[in-house]
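> When you get a sec, could you give me coordinates for this:
(one chain, ligands or ions: 1)
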Amino acid sequence: MKEFFPIFNNNSNLIYFDNASTTQKPSVLLDALKEVYYVHYSNVHRGMYELSEKITEMYELARQKVAKFINAKPTEIIFTSGTTEAINLVANSLKLSGVLSKSSKILLTEMEHHANIIPWQNISKNIFYLKIDDNFHVDFSSISNSIKFDLVSISLVSNVLGTYVNIGDIHKFKNSKTFLMVDAAQFAPHSMIDVKKMQVDALVFSAHKMFGPTGLGILFLKEQWGKTLLPSKVGGGIVRTVNKYKSEFVDTPWRFEAGTPPIASAITFARIIDFIESNHLLSRRLDLRNYLLTQLQNISELRIFHDVSIDAFPIISFMHPNIHAHDIAWFLGKNNICVRAGHHCAQILHRDVLKVPATVRVSFSVYNNQNEVDKFIDVLKKCIVLYSK
Ligand code: ALA
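Presented below is the predicted three-dimensional model:
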C-alpha cells in the first residue's frame, strides 16, 4: 500500500501514525492536482469561455460523485473549506434563519471536538452533554430523552478514544422538530456513509483525512433545509439579484458557496473516491488496532484511553503517569515516528472525563503495518527507560 504514497519513497523510515489529524497523499491525487492546474484551471460558474465551461462541468461532476458516494442528491452536497467551516455554516445559517435562538436546547457529548462545541456555544448556552462512561462509551442514559432538543450534534467517532456512536442511539433524542447533525470527520476515512439510511439533517467530513486534498469539507444538507435556510456566508456567486438594501439568493447548494469555491480540491477529491473504491480502502484496521492495544497493555504503567469493543475505530490514546505526552511525542518524533500529543481539540473530554491534561494519540491508516507498531513499541519503551532515570 505504501507504494501509492510518494512520501514513503522520499522518507523510507517514516512511521506515520497521525492519520486522525490528516492522511498522506497518494500519487493519484498529486497527478490529478497537476492536471487541473496545468490543463483545466480557471474559475467556475463565471466564465463564458470554454476553459471555464469545462472546469465548471468537472466541478459539478465532482459534486455528483461525492453525492453518489454517500447516497445523497447532488443538490444536497455543499463544498466548504473543511469540517470546521461546515459546522459553522450550519450553526450560523440555522441561527440566521430563526431555526435556533438563544433559548434553543442543544445536545452534544463530552467527547466532542472543539469544532462541534464552540459554534453551538455562539448560539445558546442551553447545552446538554451526554456523559462518557468508564468504558469510554457515550452514556445515552445520562440525559433524559424526553427533553425536546432543538439540535443534536454528535461525532460518529471520537478523535481521541476511537469510540463509535450508533446512529440509532442518537435518533432516540430526535423529535419531529429536532435538527440532527453528525460529525463524520473520523468516521468517513474508515467506513461507508449512507445519509439516507442514517436519516440525518446534516453530515460533515473532510477530504484531507481520507487521502484527499486540504481545504475541502463536505457538507451534506438535506434538501428541505437547503431550500429554506439562508446562507450565513454571503458574497459573490450566490445571488439572483442584489439591491441596495436586500438581496435574493440562488438555489441550494450554490447559495452556500459564496466566493471562489475549492475548485481543484473538489475535482481531485472525486478522483480520490475512485481510488478508495477501486482499492477497497475503507478499513477500520482492527488487525493493527488489536495488535497495538495488546502491546500497550503489556506496558503496565500506561493508562490507555480507548474503547476496546469490537465497534471501535483505530484511534488509541494513552499517557504515562510520570512522562508528559509532549515528551513522549517529541522522543518518538526524533525517531521518525509521527503521533499527536496534547488535548487533541477535546479539552472537555481530557479535563472533565479522563482527568488528564494531555495524551499521546496513535491513529492508523491503510499504509500502516505491524512492523511499524513493533518499532513504535520499541522506541516507546526506550523513552520510558530514559525519562524514568
Ligand atoms: N481534528 C484533527 C485531529 O483530531 C485535526 O487531530
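> Burial check on the residue in the stretch 251-389 of the chain that the ligand sits nearest to, number of neighbours?
The ligand sits closest to residue 344 of the stretch 251-389 of the chain, with a gap of 5.0 Å, by Cβ to the nearest ligand atom. All C-beta atoms are positioned from the backbone trio N, CA, C, and that covers glycine. Close neighbours of residue 344, defined as other Cβ atoms under 10 Å, add up to 25.
> Hmm, residue 160 and it touching each other?
Yes: using Cβ atoms under 8 Å, residue 344 is in contact with residue 160, at 5.1 Å.
> Am I right that the residue of the stretch 251-389 of the chain closest to the ligand falls within a helix?
No: with DSSP: H, G, I helix; E, B strand; the rest coil as the criterion, residue 344 is coil rather than part of a helix.
> re earlier: touching both of residue 344 and residue 160, which residues are there?
Residues touching both residue 344 and residue 160 (Cβ atoms under 8 Å, 6 or more residues apart in numbering): 317, 350, 359, 361.
> one step back: and the pLDDT for the residue of the stretch 251-389 of the chain closest to the ligand?
Note on residue 344: pLDDT of 97.
> now swap in the one 10 residues further on and tell me
We have a pLDDT of 98 for residue 354.
> Identify the residues contacting it.
residue 305.
> Near the ligand, which residues of the protein? Just list them.
20, 21, 113, 159, 340, 344, 345 (Cβ under 6 Å from any ligand atom).
> Tell me where the stretch 201-350 of the chain has helices.
Secondary structure of the stretch 201-350 of the chain (DSSP state H, counting those that start in this stretch): helices at 223-228, 263-279, 286-297, 325-334, 347-348.
> List the contacts of the residue nearest to residue 235 when sequence neighbours are not counted.
Of all residues not flanking residue 235 in the chain, residue 258 sits nearest, at 3.8 Å (Cβ to Cβ, 6 or more residues apart in numbering). Shown in contact with residue 258 (Cβ under 8 Å, 6+ apart): 231, 233, 234, 235, 236, 237, 238.
> For residue 130, see how far away residue 179 is.
Computed with Cβ to Cβ, to the nearest Å, the distance linking residue 179 and residue 130 is 17 Å.
> Residue 34 too?
45 Å.
> So for the two, which residue has more residues nearby?
The neighbour count for residue 34 versus residue 130, taken as other Cβ under 10 Å, is higher for residue 130 (23 against 12).
> Report the closest residue of the stretch 151-300 of the chain relative to the ligand.
residue 159 (3.7 Å).
> tell me the SS of that residue?
Under three-state DSSP, residue 159 comes out as coil.
> I'd assumed residue 344 was in contact with it.
Yes: taking contacts as Cβ under 8 Å, residue 159 lies within contact range of residue 344: 5.8 Å.
> So for those two, which residues contact both of them?
In contact with both residue 159 and residue 344: 20, 113, using Cβ under 8 Å, 6+ apart.
> Contacts made by stretch 54-68 with the rest, please.
So stretch 54-68 is contacted by 36, 40-45, 47, 72-74, 76-77, 79, 218, 253, 261, 263, 266-267, 269-270, 273 (Cβ under 8 Å, 6+ apart).
> from those residues, which would you call buried?
Among those, those classed as buried by 16 or more other Cβ atoms under 10 Å are 36, 40, 44-45, 72-73, 76-77, 79, 218, 253, 261, 263, 266-267, 269-270, 273.
> Nearest residue to the closest residue to the ligand within the stretch 1-150 of the chain in space, please, no chain neighbours.
Residue of the stretch 1-150 of the chain nearest the ligand, by Cβ to the nearest ligand atom: residue 21 (3.5 Å). By the measure of Cβ to Cβ, 6+ apart, the closest residue to residue 21 outside its immediate chain neighbours is residue 340, 5.4 Å from it.
> isn't the one you found right next to residue 20, touching?
Yes: between residue 340 and residue 20 there is a contact under Cβ under 8 Å: 7.3 Å.
> So for the two, which residue has more residues nearby?
residue 20 (28 against 22).
> Which pLDDT value belongs to the nearest residue to the more buried one once chain neighbours are set aside?
In space, and not counting its chain neighbours, residue 20 is closest to residue 363: 3.5 Å by Cβ to Cβ, 6+ apart. For residue 363, the model assigns a pLDDT of 98.
> one step back: state the pLDDT value of the residue nearest to residue 235.
For residue 258, pLDDT reads 97.
> Please look at residue 119 and residue 87 and confirm they touch.
Yes: the criterion here is Cβ under 8 Å, and residue 119 meets it with residue 87 at 5.2 Å.
> These two: who's more crowded?
Neighbour count, other Cβ under 10 Å: between residue 119 and residue 87, residue 87 has more, with 26 against 21.
> Helix, strand or coil: sort out that one for me.
Applying three-state DSSP: residue 87 is helix.
> which ones are touching it?
Counting by Cβ under 8 Å, 6+ apart, residue 87 has contacts 115, 116, 119, 153, 181, 183, 204.
> Closest to residue 244 out of the residues you listed?
residue 119 (31.1 Å; Cβ to Cβ).
> what about the closest residue to the closest one other than its chain neighbours, how many neighbours?
Closest residue to residue 119 apart from its sequence neighbours, by Cβ to Cβ, 6+ apart: residue 91 at 3.8 Å. When neighbours are counted by other Cβ under 10 Å, residue 91 registers 24.
> quick check, residue 91 in a strand?
No: applying three-state DSSP, one finds residue 91 to be helix, outside a strand.
> May I ask you to confirm that it is in contact with residue 122?
Yes: in this structure, residue 91 is within contact of residue 122 by Cβ under 8 Å, at 6.8 Å.
> Strands along the stretch 1-150 of the chain, start to end?
15-16, 77-80, 106-109, 127-132, 138-139 (DSSP state E, counting those that start in this stretch).
> Save those strands as CSV, and put in mean pLDDT too.
Formatted as CSV, those follow (pLDDT from 0 to 100):
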stretch, mean pLDDT
strand 15-16, 98
strand 77-80, 98
strand 106-109, 98
strand 127-132, 98
strand 138-139, 98
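> Using CSV, please lay out these together with distance to residue 287.
Shown next, in CSV, are the strands of the stretch 1-150 of the chain (distance: least, Cβ to Cβ, whole Å):
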stretch, distance to residue 287
strand 15-16, 17
strand 77-80, 33
strand 106-109, 28
strand 127-132, 26
strand 138-139, 25
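> Right, I'll leave it there.
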